[in-house]
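Chemist: 3D model of this:
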Amino acid sequence: MLVGVVAADPPQPQITSTRRPIIGAWLRSGTRDPLRQLVVIVATRFKSYNEISAFSYTVERDGSLTANDPVSDGVLIDFARANNIRVVPTVSSTWDSTHIVTILKSPTLRARHIEAIMQIARSPLIDGIDIDYENLPPSSRQAFTDFITQLAFHIHNEGKTLSVTVMPKVRENDGSTFAAVYDYVALGQVADQIRVMAYEYHGKNGGPAPNAPIWWVRQVMSYTVSVVPSEKAIMGIHLYAYDWGGSETTAMWWGDVQALKEKHGGVDRYIETDERGTVGEIEMTYTITRSPLCPLAFFDCAPYSREKHTVYYVDARYVAEAWKILKELQLGGLVMWRPGGEDPAIWDVFN
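Modeler: Predicted structure coming up:
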C-alpha cells in the first residue's frame with residue numbers, strides 16, 4: 001500500500017508554454033455503439049487533436065477504480081499513440097459524491113485511491129491522468145487540495161502529467177456552491193492543467209437560454225488566468241444543445257438539431273450579442289403537431305395539439321469566438337465536451 005507522503009516542495013510541472021495549444025476532447029462511450037464513440041470520432045479528425053481523455057475509470061467506495069470500457073479504450077489508445085495524440089484518461093466521480101468525500105478525508109482510503117490511480121498512470125501507454133470529481137461540498141476544499149497535491153507528486157515522479165477538471169467561476173467566491181471546493185490558486189501550483197468546464201451558465205433546469213454566452217466564458221477564463229499560469233489554463237467548451245418544450249429538456253448534438261429543423265421546419269436566430277457582450281449561440285424554434293387520439297366515435301376526437309420547442313445550440317461561429325479567447329488570454333489549450341455530432345466546420349477553425 002502506498003504511504004501518502006507529501007514533498008515539502010512538489011516538483012514543478014514540465015509542460016512549457018512554447019508548444020502548440022492543446023486541442024483535446026473528453027470522450028464518453030455511448031449506449032448504441034461505444035466503439036464508435038471512442039475511436040471513429042477521433043479517427044475522422046485525428047490531425048486536429050493532440051490530446052484525448054476518455055472517461056475510462058469510475059471511483060468505487062473503497063478507493064479502487066472500475067474500468068468503464070477497457071476494450072474500446074485499448075483500441076483508442078493504440079490509435080492515439082500511432083498518431084501522436086496524448087492519452088490522458090479521465091478518472092471521474094458519479095453524481096453522488098458522498099464516497100469521494102469519505103475517501104478524501106480518510107488517510108487510509110486516500111492512500112489506497114492514489115495507488116489505484118498510479119497503477120494506471122505507470123502504464124507506458126498513458127501520458128497523464130485527468131481528475132474530474134464534481135459535486136463536492138465546500139467543506140471538502142482542503143481535503144481535495146491535499147489529495148491533488150499528493151497525487152501530483154507521485155504522477156510527476158513517473159514523468160506523467162496531471163489535469164484537474166474544475167467547475168467554472170468568475171471570482172473566488174462567486175456564489176457557486178459546487179465550484180467552491182476548487183482552490184484554483186493551490187491546484188494551479190501543483191497540477192499541469194486546470195481544465196475549466198466553461199459551460200452550463202444556463203442549465204437545462206431553467207427556461208430556454210444560451211448555455212454559455214461567450215461574454216461569460218471570457219469572464220471565467222479571465223479570472224482563471226488571474227490566479228493560474230495561463231499555459232496551464234485549459235478552456236472547456238460545450239458542443240451540445242438543449243431542447244426545451246417536451247416532457248423533459250433533452251441534450252442533443254448539432255446534427256440532431258439539423259434533423260429536427262428539417263423535419264419540423266425549424267427557424268434559426270443567431271444571437272451575436274446581448275446587453276452584456278458577445279453570445280455566439282443559436283436559438284432554433286419549431287413546433288410539433290400531434291394527431292388527436294380518437295375513440296371509436298370519430299366525431300368525438302380531441303383537437304390537434306401543438307408542442308412548441310426552443311433549442312439553443314452552437315456551431316463553428318461559437319468555436320471561433322472561443323478560439324479568440326484562447327489567443328487573447330494565451331491559454332494552454334481547449335478541450336471539448338464532447339465531439340460526435342458537432343458542426344463539421346468547427347475543424348476549419350482549428351486548422
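
Chemist: what about the helices in the stretch 101-250 of the chain?
Modeler: Applying DSSP state H, counting those that start in this stretch to the stretch 101-250 of the chain gives helices spanning 107-121, 141-157, 184-190, 214-227.

Chemist: helix or strand with the lowest mean pLDDT in this protein?
Modeler: helix 34-35 (a mean of 46; mean pLDDT, DSSP states H and E).

Chemist: right, and the helix or strand after that one?
Modeler: With elements assigned by DSSP states H and E, the helix or strand that comes after helix 34-35 is helix 41-43.

Chemist: give me the buried positions along that following helix.
Modeler: Of the residues in helix 41-43, Ile41, Val42 count as buried by neighbour count, 16 or more other Cβ atoms under 10 Å. Placement of C-beta: from N, CA and C, glycine included.

Chemist: let me see the domain layout of the protein.
Modeler: Taking automatic domain parsing as the reference, the chain has its domains at 22-197, 258-310.

Chemist: what is the mean pLDDT for the shortest one?
Modeler: Pointing back at domain 258-310 there. Taken as a whole, domain 258-310 has an average pLDDT of 87.

Chemist: circling back: worst mean pLDDT among the domains of the chain?
Modeler: Mean pLDDT across the domains of the chain is lowest at domain 258-310; the value there is a mean of 87.

Chemist: okay, how far is it across that one, tip to tip?
Modeler: 13 Å (Cα to Cα, to the nearest Å).

Chemist: again, but for stretch 101-112
Modeler: Terminal residues of stretch 101-112 are spaced 14 Å apart (Cα to Cα).

Chemist: for stretch 264-284, same thing?
Modeler: One end of stretch 264-284 to the other measures 11 Å (Cα to Cα).

Chemist: so which bits of it are buried?
Modeler: Of all the residues in stretch 264-284, those buried under the rule 16+ other Cβ under 10 Å are His264, Gly266, Thr278, Val279, Gly280, Glu281, Ile282, Glu283, Met284.

Chemist: next one: stretch 95-111
Modeler: Neighbour-count burial for stretch 95-111, counted by 16+ other Cβ under 10 Å, picks out Ser97, His99, Ile100, Val101, Ile103, Leu104, Lys105, Leu109, Arg110, Ala111.
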